[in-house]
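Engineer: structure, please.
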Amino acid sequence: MPTSNTYGSQAVNAMSFAIDIRTAVASQMMDVKYPQYLWRKVINPDQRLTGIDPGAVNFAQPVRDTRGAAAFQAALPGDNVPTVGMSINNILTPLAVSNSSYVISDEDARQYRHAHRTSIVSDLSKAMRRAFENLTEASFFWGDPNVSFQPWLDYPDLPTSMVAVGAGGSTLWANKTGLEIVTDVQEAMLGMWTGSNTLFMPNRIFLPPKQYGIIQGTVLAIGNSPIAVSALKYLKENNIYTDQTGEPLEVIPIRYLVGSGSGGTDRMALQDTNREYQVVPFPLDVYFKPPIPTKRGAETVGEMKHGSLQVYQQGSLVYFDGI
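Structural biologist: Alright, predicted model coming up:
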């Protein structure tokens, strides 16, 4: 006897949901589980720009660059006084509208309430919000060339390096000691800081889940005396960011980093999440238009409008491959 059904489309056979009278039915619906969305773990709330007119097709960020230096008067011939200069440019970020919808019949609604004692409109609204979240997740991490969105996983023209080869002849963390793994991260952080003339200080390290598990589960050994802490704990207490700011370093697993590096290798990403360094414009959060009546039911359409990830400052996000 059939025990499944599909709602929210025009190809619904609602009567197919049938259960033998001798079967006990759970009082609560169990939802299919999906992996956690991760884009909010990468972008802070203040980097999500919501105060933008939804009628805009691009978001422009003016950038001012001032230049010049003073000089000692004794070194200046006559009235030759140094001058300063200033240039202003705009960085444009494309914005794109997205849609999702559901169509239900009046009979869908009646049968759904009878079978499940709840509203099909409420449940399909949750499904539509998930559809928008799916799009945001995918367009943030992988970009979308159709609307000129850039990917966080491989943002163009950002610094990319391979981690060092360990004593065992491999760059892979699975073949390295705890000290070698911690050194990889410490040197990457130091290189990001010194390479930017101490402008960018990474406060977040993003790792593939396997490498996160390795650094969390590896006991760090220095010489012949193991320290009774994991390599991850040691790293969090011994890094340039925490030393300079007194703030804790965040190390976050991101499953999409698996195979996203050069040659299909696993990638580590370091990011300084300063509001002035990366943003995602969000002029229009998800909203549902009033239902549109049809001959036998109703259609509901939702809208959202957001922009591409924009990395304003090269060097505030860097990649290290081969881990």
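Engineer: so Leu309 sits right up against Asp144, yeah?
Structural biologist: No - taking contacts as Cβ atoms under 8 Å, Leu309 lies outside contact range of Asp144: 10.9 Å. C-beta coordinates here come from the backbone N, C-alpha and C atoms, glycine included.
Engineer: neighbour count winner among those two?
Structural biologist: Per other Cβ atoms under 10 Å, whichever of Leu309 and Asp144 has more neighbours is Leu309, with 24 against 16.
Engineer: residues touching that one, list them.
Structural biologist: Shown in contact with Leu309 (Cβ atoms under 8 Å, 6 or more residues apart in numbering): Ile43, Phe140, Gly143, Phe149, Gln150, Pro151, Trp152, Tyr155, Gln278, Val279, Val280.
Engineer: how about the strands in the stretch 101-250 of the chain?
Structural biologist: Taking DSSP state E, counting those that start in this stretch, the strands of the stretch 101-250 of the chain run over residues 160-162, 204-207, 219-222, 225-230, 250-253.
Engineer: now Glu303: how far from Lys295?
Structural biologist: Distance of Glu303 to Lys295, computed by Cβ to Cβ, to the nearest Å: 24 Å.
Engineer: between these two, tell me which one has more neighbours.
Structural biologist: Glu303 (17 against 6).
Engineer: what's near enough to touch that one?
Structural biologist: Contacts for Glu303 (Cβ under 8 Å, 6+ apart) come out as Val97, Ser98, Asn99, Leu284, Val286, Tyr287, Lys289.
Engineer: just the C-alphas of the helix or strand containing it, formatted as PDB.
Structural biologist: Glu303 is part of strand 297-307 when elements are defined by DSSP states H and E. Output of strand 297-307 as PDB, limited to C-alpha atoms (Å, rounded to 0.1, in the frame of the first residue of the first chain):
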ATOM      1  CA  GLY A 297      -6.200  26.800  -5.400                       C
ATOM      2  CA  ALA A 298      -3.500  29.400  -5.100                       C
ATOM      3  CA  GLU A 299       0.100  30.200  -6.000                       C
ATOM      4  CA  THR A 300       2.600  31.900  -3.700                       C
ATOM      5  CA  VAL A 301       5.800  33.600  -5.000                       C
ATOM      6  CA  GLY A 302       8.700  34.600  -2.900                       C
ATOM      7  CA  GLU A 303      11.500  37.100  -3.700                       C
ATOM      8  CA  MET A 304      15.000  37.900  -2.500                       C
ATOM      9  CA  LYS A 305      17.700  40.200  -3.700                       C
ATOM     10  CA  HIS A 306      21.400  40.000  -2.800                       C
ATOM     11  CA  GLY A 307      24.800  40.600  -4.300                       C
END
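Engineer: average pLDDT for it?
Structural biologist: For strand 297-307, mean pLDDT is 95.
Engineer: and that strand, which strands flank it?
Structural biologist: Paired neighbours of strand 297-307 in the sheet (DSSP bridges): strand 85-105 (antiparallel), strand 284-288 (antiparallel), strand 292-293 (antiparallel).
Engineer: closest one to Leu249 among those?
Structural biologist: Evaluated over the strands paired with strand 297-307, closeness to Leu249 peaks at strand 85-105, with 28.9 Å, by Cβ to Cβ.
Engineer: tell me how far the closest one lies from the chain's centre.
Structural biologist: Strand 85-105 has its average C-alpha position 17 Å from the chain's average C-alpha position, going by Cα atoms, centre = their mean, to the nearest Å.
Engineer: list the buried ones in the strand holding Glu303?
Structural biologist: Residues of strand 297-307 classed as buried: Gly297, Ala298, Thr300, Gly302, Glu303, Met304, Lys305, His306, Gly307 (neighbour count, 16 or more other Cβ atoms under 10 Å).
Engineer: kindly report the same for stretch 229-241.
Structural biologist: Neighbour counts over stretch 229-241 (16+ other Cβ under 10 Å) mark Ser230, Ala231, Leu232, Tyr234, Leu235, Lys236, Asn239, Ile240, Tyr241 as buried.
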